[in-house]
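> Model the structure of this input:
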Amino acid sequence: MSLFSALISVLPFSFGGPSRAFQKIATDKQQQRHNRLIGPLNAPDNFFNGLSVFEITLLSTPASRIVEYIGQRRPQWTASNILKAFIKAAIRAHVETNCLTEIMFESALEQAAALDDEFARTGVLKGRLHGIPISLKDQFDIEGLDSSVGFSRYTNQPASQTCVLAQRLMEEGAVIFAKTNVPQTLLAFECSNPVFGITQNPHKRGFTCGGSSGGEAALLASDGSCIGIGSDVGGSLRIPAHYSGCYSLKPCGGRIPQTGMRVTNPGYTEIVAVVGPMARCVDDLALAMEILTDNPDHLRRSLGLIPLRFRPELIQASTERPLRLGFFTDDKLIRASPACQRAVFETVERLRARGHECVEIDVDRLDVLQGVEIFVGLSSADGYHTIQSHIGPDPFEPAMFLTTLGPRLPAFLRYILATILRYGLREKVLARLIEASRKKQVAEVQQWRVKKQAYEKQVRSYLWEEENFDALLCPTQAMPAVPNGSTWNKSVLAESTFLWNVVDSTVGQVPVTKVESEKDRSVTAEDVKLGIFEKGVQDLYDVDRMAGLPVGIQVVGGAWEEEKVLGIMKIVEGCWEDSENLFKPGSFLRSKETGNNRGLEIEKSN
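Purely as a prediction, here's the structure:
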């Protein structure tokens, strides 16, 4: 045990144990999920056999191409057949990872059959998503289903209407067929809650899939869904996509409707929470983003939207000229692992070979610590009272420990801890964050807002005005996916994504490579002194255990530059087309043995 772990272990804190009432609720909810997963299908005996070659072809096709093939009336390319293939893959993914929460297979099959009947009768596709299976993070309301987000108190409370976002997707012919797991409070980057349990990384059991859109990432990365929708206030779209191996886009605030979704911190607007798409390729991200932003009716149906419709010409424009890109691999706060540094360096090398200018930035100009301090200072303004108020009788998840530690401490203990960290252990970073993490009065919150505004101006001025970059490339996180249960005292590891929420940048996450034992061994010199916290983080890095895990990079753009960032993500994706680690629709399934039925070994009843 490190000195820091030993120190905080004696502080007043208790995870507590589950009550009998909670245990019954969780058991009943999981049984309900199981029944909906298998029972309603009334499937023939051969339904749960291994995927056929044709089904793997369906699962390996991007969304826009699927719609095209349905419209061409290609044999067997129907909404029903496509959905059945994705249901098989989703069940396989769930058995392997525990990624699903609410199951809609029965109603989805009925909807797909109705789409097929309508198309057979009229010859007209319903829309740009005709027959596309789509999954949603658990917090999005679907009429008749819970949005419990892993809290027992919100089970058995079905939504009275479907959220605006899902309505829009279904207007274009999408078939929403499942919702996916999240961490307790949505403020952790593992994926576990007491009601639904832990979601595993699809590439390696025992490692986390990330959070808070973790179930969504695990399902997509397993080829169990075509397109997914998640949310992000500190990295919740990007971290799970990085850990699990899929694509995501964090838009700026105001571009995608949020009416009709359960949030854990209502009324909080200091750091903008956003909704964004997740997918298995950039083209599918762009398709989802286009549909969710090009309907003026959204402005009447949802609050807080800006009147900015999708601009596809900006995607094209960013792919037709040499780009000026900034990059860094070390933010001077937490040293990125060799695998995560290599992901950036090799991407830069490939971009330069294609004629793009890549410039290593002066990362001191970003002052990352100040950005993270602002994130912590504003996020903890109510002492995390609101997000913890939902927990009720549920056990407290360990991943929330360090995040919520500061406000839990009496003021004198927080002062003593910060003093010991700063002067005794020379841990100035942790000292500043512990001091910032506390409940604040209204006047003090306003002072933090002023700090945020000044910081936002500083970063934007440097990157987009002074340097005139088209985008910035950097690690999504300092580590690949980490072991389940390892982040309870390492939540600051998410600092690499916090920064871009503070300045409300558009950010894409692109999976580019996988951890390789030979290439990615640590080469930290013995004379490099690491602080206690950073050493604890670096001790997580085990290249042999992590071999084969995905590694992504962030593509950071300016405010409301979603289309431009999508274009640059497309270029990055193209740079890696010759890689054996290529991430695209069907790549996960094809990496497994075609005849392996292990993922479908599930009892039809308990």
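> Tell me which residue of this structure is furthest from the middle?
Here the chain reaches farthest from its C-alpha mean at residue 121, the gap being 39.6 Å by C-alpha atoms, centre = their mean.
> and that residue, that's in a strand?
No. Applying DSSP: H, G, I helix; E, B strand; the rest coil, one finds residue 121 to be helix, outside a strand.
> How much space separates it from residue 131?
15 Å (C-beta to C-beta, to the nearest Å). For every residue, glycine as well, the C-beta is placed using N, CA and C.
> Please tell me I have it right and residue 137 contacts residue 230.
Yes. Using C-beta atoms under 8 Å, residue 137 is in contact with residue 230, at 4.7 Å.
> Can you work out which residues contact both of those two?
Residues touching both residue 137 and residue 230 (C-beta atoms under 8 Å, 6 or more residues apart in numbering) are 212, 213, 216.
> picking that back up, any idea how far the residue farthest from the centre of the chain is from residue 114?
In terms of C-beta to C-beta, residue 121 sits 11 Å off from residue 114.
> and the spatially closest residue to residue 521 that is not a sequence neighbour, how many neighbours?
Excluding the flanking residues, the one nearest residue 521 by C-beta to C-beta, 6 or more residues apart in numbering is residue 543, at 5.4 Å. Residues near residue 543, counting by other C-beta atoms under 10 Å, number 19.
> Name the SS class of residue 113, please.
Quick answer, by three-state DSSP: residue 113 is helix.
> Next, the buried residues of the helix or strand hosting residue 571.
Take DSSP states H and E as the rule and residue 571 turns out to sit in helix 562-575. Residues of helix 562-575 classed as buried: 562-573, 575 (neighbour count, 16 or more other C-beta atoms under 10 Å).
> Which strands or helices does it pack on?
Counting contacts by 3 or more C-beta pairs under 8 Å, 6 or more residues apart in numbering; DSSP states H and E, helix 562-575 packs against strand 247-250, helix 282-293, helix 312-318, helix 338-353, strand 471-475, strand 507-514, strand 550-556.
> Quick check: phi and psi at residue 133.
Main-chain torsions, residue 133, degrees, to the nearest 10: phi -70, psi 130.
> For residue 205, see how far away the most centrally placed residue in the chain is.
What sits nearest the mean C-alpha location of the chain, by C-alpha atoms, centre = their mean, is residue 237, with 2.6 Å. Separation of residue 237 from residue 205 (C-beta to C-beta): 23 Å.
> same question, residue 568
Per C-beta to C-beta, residue 568 is found 34 Å from residue 205.
> just residue 90 next, same as before
Distance, residue 90 to residue 205, using C-beta to C-beta: 18 Å.
> Among the two, which residue is more densely surrounded?
Using other C-beta under 10 Å, the more surrounded residue of residue 90 and residue 205 is residue 90, with 26 against 10.
> And what about the more buried one, helix, strand or coil?
Secondary structure for residue 90, judged by three-state DSSP, is helix.
> circling back: of all the buried residues of helix 562-575, which comes closest to residue 368?
Of all the buried residues of helix 562-575, residue 565 has the smallest distance to residue 368: 20.4 Å, by C-beta to C-beta.
> quick one: contacts for that closest one?
Counting by C-beta under 8 Å, 6+ apart, residue 565 makes contact with 249, 471, 506, 507, 508, 555, 556, 557.
> Can you tell me which of the residues you listed is nearest residue 161?
The nearest member of these to residue 161, counting by C-beta to C-beta, is residue 249 at 26.5 Å.
> Does that closest one touch residue 277 like I think?
Yes. Under the criterion of C-beta under 8 Å, residue 249 makes contact with residue 277 at 5.7 Å.
> so residue 24 is in which element?
Per DSSP H and E: helix 20-38 holds residue 24.
> average pLDDT across that helix?
Model confidence over helix 20-38, given as mean pLDDT, is 92.
> Need the residues that contact that helix.
18, 91, 94, 100-106, 146, 148, 152, 155-156, 194-197, 393-395, 602-606.
> ok, and for that helix, which residues are buried?
Under 16+ other C-beta under 10 Å, the buried positions of helix 20-38 are 22, 25, 26, 29, 33, 34, 36, 37, 38.
> Could you export the helices and strands packed on helix 562-575 as JSON lines, including mean pLDDT, distance to residue 190 and mean neighbour count?
Formatted as JSON lines, the helices and strands packed on helix 562-575 follow (pLDDT from 0 to 100; distance: least, C-beta to C-beta, whole Å; neighbours: other C-beta atoms under 10 Å):
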{"stretch": "strand 247-250", "mean pLDDT": "99", "distance to residue 190": "17", "mean neighbour count": "30"}
{"stretch": "helix 282-293", "mean pLDDT": "98", "distance to residue 190": "24", "mean neighbour count": "24"}
{"stretch": "helix 312-318", "mean pLDDT": "96", "distance to residue 190": "34", "mean neighbour count": "16"}
{"stretch": "helix 338-353", "mean pLDDT": "99", "distance to residue 190": "18", "mean neighbour count": "20"}
{"stretch": "strand 471-475", "mean pLDDT": "99", "distance to residue 190": "19", "mean neighbour count": "26"}
{"stretch": "strand 507-514", "mean pLDDT": "99", "distance to residue 190": "17", "mean neighbour count": "28"}
{"stretch": "strand 550-556", "mean pLDDT": "99", "distance to residue 190": "16", "mean neighbour count": "28"}
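> Tabulate the ones you listed in JSON lines, adding columns for distance to residue 261.
Converted to JSON lines, these look like this (distance: least, C-beta to C-beta, whole Å):
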{"stretch": "strand 247-250", "distance to residue 261": "16"}
{"stretch": "helix 282-293", "distance to residue 261": "13"}
{"stretch": "helix 312-318", "distance to residue 261": "27"}
{"stretch": "helix 338-353", "distance to residue 261": "31"}
{"stretch": "strand 471-475", "distance to residue 261": "29"}
{"stretch": "strand 507-514", "distance to residue 261": "20"}
{"stretch": "strand 550-556", "distance to residue 261": "24"}
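> Let me know which of these is the nearest to residue 408.
It is, among the helices and strands packed on helix 562-575 and with distance given as C-beta to C-beta, strand 247-250, at 29.3 Å.
> residues in contact with that closest one?
So strand 247-250 is in contact with 213, 217, 230, 232, 237-238, 240-241, 274, 276-282, 284-285, 289, 500-501, 506-511, 562, 565-566, 569, 573, 583, going by C-beta under 8 Å, 6+ apart.
> In the stretch 401-550 of the chain, where is pLDDT below threshold?
Per-residue confidence of the stretch 401-550 of the chain (counting by pLDDT under 70) places the weak regions at 523-530.
> cutoff 90 now
Under the criterion pLDDT under 90, the flagged ranges of the stretch 401-550 of the chain are 489, 522-538.
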